[in-house]
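Q: Give me a model of this one.
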Amino acid sequence: MFSLYERLLRPILFRIDPEQVHEFALLSLRLASSLPLPKRNYLQSPLRREVFGLAFPNPVGLAAGFDKNGLAIPALAALGFGSVEIGTVTAVAQPGNPKPRMFRVPEAGAIINRLGFNNRGAAAVAQHLQILRQTTRWPAIPVGINIGKSRITPLENAVEDYLESSRLLRDYGDYFVLNVSSPNTPGLRSLQDPAALGPLCVAVRQELGQKPLLLKIAPDLTWKEVDDVLATAESTAMAGIIATNTTIDHSNIPLPRRTQGGLSGQPLRERSCEILKYIKTRSRLPVVSVGGIMNAGDALARFDAGADLIQLYTGFIYGGPGMIRQICRGLVAAE
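A: Model (predicted):
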């Protein structure tokens, strides 16, 4: 059954350049965030969960990438998300890759992006969050901050770059995520190698103190590489894994539609769920499952497979805000 958004609004929006639509949606949500918004009953939600030391009113979160600079957090919380993860934020402000850099593939329920961590930089984001934190508009849900490497920073200086973002932002996030898995920053995924990943995890964890630190991994890792990442995450006392980022495997996309960038949405569904199941058989670390969750059925399947939390992005774009409520209703009915 199609929602009003899917029947009427989405066909109009999908006639417009995807990044322009994204900017318009974010502007609208940013304006809404400046208004008094209703706050949901956080403590008595029937879907409340405690994961890595934080209380989530429901397990359906917004993935990083939608609100890179944390400009619309109150409005996103008002839509019903149980958590919002902003970013990816880098130490140095950067414009990202040349446009066009975001592409829809509606026949596959997918999006390809090569945005390249476009954001205002950690200092500017920290300043905005500091102001928001001092108001009554800060939401009663966990807010995560996803941090990545600045494009201009050499790989050998990656630890210092992540540390700079951590220092600037540590007081404003409820949890933090190391993004070492985006395909759109050259060389970034090499930081998933244990020799590079271990020192990075240790350094940022020390900087953040007691704040939970998670690791976001790529769906394109081999099983041996997943095992290595899990071993590193456990040995460095990471709080959890976010599985997964976008994929560079475009084999499920019609050839004329293929272009450089990370693929998200329905083509990622099977691989993301497969990695979730693999991790849950080999580790006790909490897993936030993201990738290819396009409807309530997909979400329920992730929880059945052991996900502690889930996140939406492409499914939110295709399904609209009503998808959050649909998933939550499905979870209540399944209990």
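Q: Which other helices and strands does the longest strand belonging to the chain contact?
A: In the chain, assigned by DSSP state E, the strand with the most residues is strand 83-89. Applying 3 or more CB pairs under 8 Å, 6 or more residues apart in numbering; DSSP states H and E, one finds that strand 83-89 makes contact with strand 60-62, helix 73-78, helix 122-133, strand 143-147, strand 175-179, strand 309-312. Where C-beta positions appear, they are placed from N, C-alpha and C, glycine not excepted.
Q: Among these, single out whichever gets nearest to Pro18.
A: Nearest to Pro18 among those is strand 309-312 (16.5 Å), distances taken as CB to CB.
Q: check contacts around Gln266.
A: Ala108, Gly109, Ala110, Gly292, Met294, Thr314 (CB atoms under 8 Å, 6 or more residues apart in numbering).
Q: which of these count as buried?
A: With burial judged by 16 or more other CB atoms under 10 Å, the buried subset of those is Ala108, Gly109, Ala110, Gly292, Met294, Thr314.
Q: For the fourth one, give me its contacts.
A: What that stands for is Gly292. Per CB under 8 Å, 6+ apart, neighbours of Gly292: 264-273, 298, 314-315.
Q: Show the model's pLDDT score for the most far-flung residue of the chain relative to its centre.
A: Among the C-alpha atoms of the chain, the one most distant from their mean position (CA atoms, centre = their mean) is that of Pro256, at 28.0 Å. We have a pLDDT of 90 for Pro256.
Q: One more: Arg40?
A: 63.
Q: for the one 4 residues further on, same thing?
A: According to the model's per-residue confidence, Gln44 sits at a pLDDT of 61.
Q: Assign a three-state SS to Lys216, would you?
A: strand (DSSP: H, G, I helix; E, B strand; the rest coil).
Q: residues in contact with the closest residue to Ala126 other than its chain neighbours?
A: Distances taken as CB to CB, 6 or more residues apart in numbering place Leu168 nearest to Ala126, at 4.5 Å, with adjacent residues excluded. The contact partners of Leu168, by CB under 8 Å, 6+ apart, come to Ala91, Ala122, Ala123, Val125, Ala126.
Q: distance of the third one from Ile279?
A: Distance, Ala123 to Ile279, using CB to CB, to the nearest Å: 34 Å.
Q: And the fourth one, by the same measure?
A: Distance from Val125 to Ile279, counting by CB to CB: 30 Å.
Q: likewise the second one?
A: Using CB to CB, we find Ala122 at a distance of 29 Å from Ile279.
Q: picking that back up, okay, the helices and strands packed on strand 83-89 in CSV with mean neighbour count next?
A: CSV is the format used below for those (neighbours: other CB atoms under 10 Å):
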stretch, mean neighbour count
strand 60-62, 26
helix 73-78, 24
helix 122-133, 18
strand 143-147, 25
strand 175-179, 26
strand 309-312, 26
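Q: Tabulate those (TSV), appending mean pLDDT and distance to Thr247.
A: Output for those, formatted as TSV (pLDDT from 0 to 100; distance: least, CB to CB, whole Å):
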stretch	mean pLDDT	distance to Thr247
strand 60-62	98	20
helix 73-78	96	25
helix 122-133	98	27
strand 143-147	98	18
strand 175-179	98	15
strand 309-312	98	16
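Q: Would you tell me which of those gets closest to Arg329?
A: Here strand 60-62 is closest among the helices and strands packed on strand 83-89 (CB to CB), at 10.9 Å.
Q: Packing partners of that closest one?
A: Looks like strand 60-62 contacts strand 83-89, strand 309-312, helix 322-334 (3+ CB pairs under 8 Å, 6+ apart).
Q: run the last query once more with 6 Å
A: strand 309-312 (3 or more CB pairs under 6 Å, 6 or more residues apart in numbering; DSSP states H and E).
Q: Direction included, what does the strand it packs on pair up with?
A: Strand 309-312 sits in its sheet next to strand 60-62 (parallel), strand 287-290 (parallel), going by DSSP bridges.
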